[in-house]
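Visitor: Got a sequence here, can you model it:
(one chain, ligands or ions: 1)
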Amino acid sequence: MSNQSGNKSAKKLRVDKILSHLGIATRSESKKLVKQGRVIVDGNPIKDSGLQVDPEASTIEVDGQSVRYREFVYLLLNKPQGVVSATEDKWDRTVVDLLDAEYVAFEPFPVGRLDKDTEGLLLLTNDGQLAHELLSPRKHVPKTYEAKVLGAVDETDGEAFKAGVTLDDGYETMPAELEIVRHFEEEGEAHTDIRLTIMEGKFHQVKRMFEAVGKKVVFLKRISMGPLQLDPALSLGEYRELTSEELDALRNR
Ligand code: URA
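Guide: Numbering: from 1, shown residues only. Take a look at the predicted model:
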């Protein structure tokens, strides 16, 4: 369907296809809108909803509102707990359920997964190529997490993570960077707030790394992925489109 992600192409598309891709009208609704003279291309009402136009070069208006065409959408979500990183699920709400219809029309999917009880930065897009590049194990995209850990995390754990630990399935992790933020007691038990940067994304990786050193993650939040940072202006469940700077940084990383 797509050209290379990020390449601007002088590609012509049917007007009804453009409107349906953006979730503005189905093909049959487009036909009606066109018949009623409500679809204007480059200043003139069109007569055929199958008219081919270059959406990047032409202006399109429906009912006087200009239509901003783009093939891909890139959303930065502050994922709350209790929703799953999937596009559909039998039992649970998904991250896509948090999006407005105008974005759902693009059929975005989460780039990687956060556990149901993990919060924080999650990228959603319909740009399969960019997603593939970010998820490729060969690309080693760094991901930083903040966690509250049950147990007194110390420098020995930091050394172990730097060297790589063995997970419950025998997998040896790549070197990871641990930062101890603070030690505290809660209900008489030692806890530690930490930051951990990992270069891979195995299933439940952060939780399993702490299990490997005899500790338990009780709260987990992702704060960065590659050049993307969690936006403090986004409350849990809120999202926004990536800025062009963020998108360029992702593509050029
Ligand atoms: N590691 C985990 O254990 N869970 C997540 O959601 C992400 C990383």
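Visitor: Enumerate the strands of the stretch 1-150 of the chain by residue range, in sequence order.
Guide: Assigned by DSSP state E, counting those that start in this stretch, the stretch 1-150 of the chain shows strands spanning 13-14, 39-41, 44-45, 52-53, 60-62, 65-66, 74-79, 109-110, 118-125, 143-150.
Visitor: closest one to the ligand among the ones you listed?
Guide: Closest to the ligand of the strands of the stretch 1-150 of the chain is strand 118-125 (Cβ to the nearest ligand atom; 3.3 Å). Where C-beta positions appear, they are placed from N, C-alpha and C, glycine not excepted.
Visitor: Direction included, what does that closest one pair up with?
Guide: strand 74-79 (antiparallel), strand 109-110 (antiparallel), strand 216-225 (parallel) (DSSP bridges).
Visitor: Please identify the deepest-packed of those strands.
Guide: Neighbour counts (mean count of other Cβ atoms under 10 Å) averaged over each of the strands paired with strand 118-125 peak at strand 74-79, with a mean of 24.
Visitor: Please export the C-alpha coordinates of it as PDB.
Guide: Presented in PDB, the C-alpha positions along strand 74-79 are these (Å, rounded to 0.1, in the frame of the first residue of the first chain):
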ATOM      1  CA  TYR A  74       2.100   8.700  14.700                       C
ATOM      2  CA  LEU A  75       0.700   9.000  18.200                       C
ATOM      3  CA  LEU A  76       2.500   9.300  21.500                       C
ATOM      4  CA  LEU A  77       0.300   7.800  24.200                       C
ATOM      5  CA  ASN A  78       0.700   7.900  28.000                       C
ATOM      6  CA  LYS A  79      -0.700   4.400  28.500                       C
END
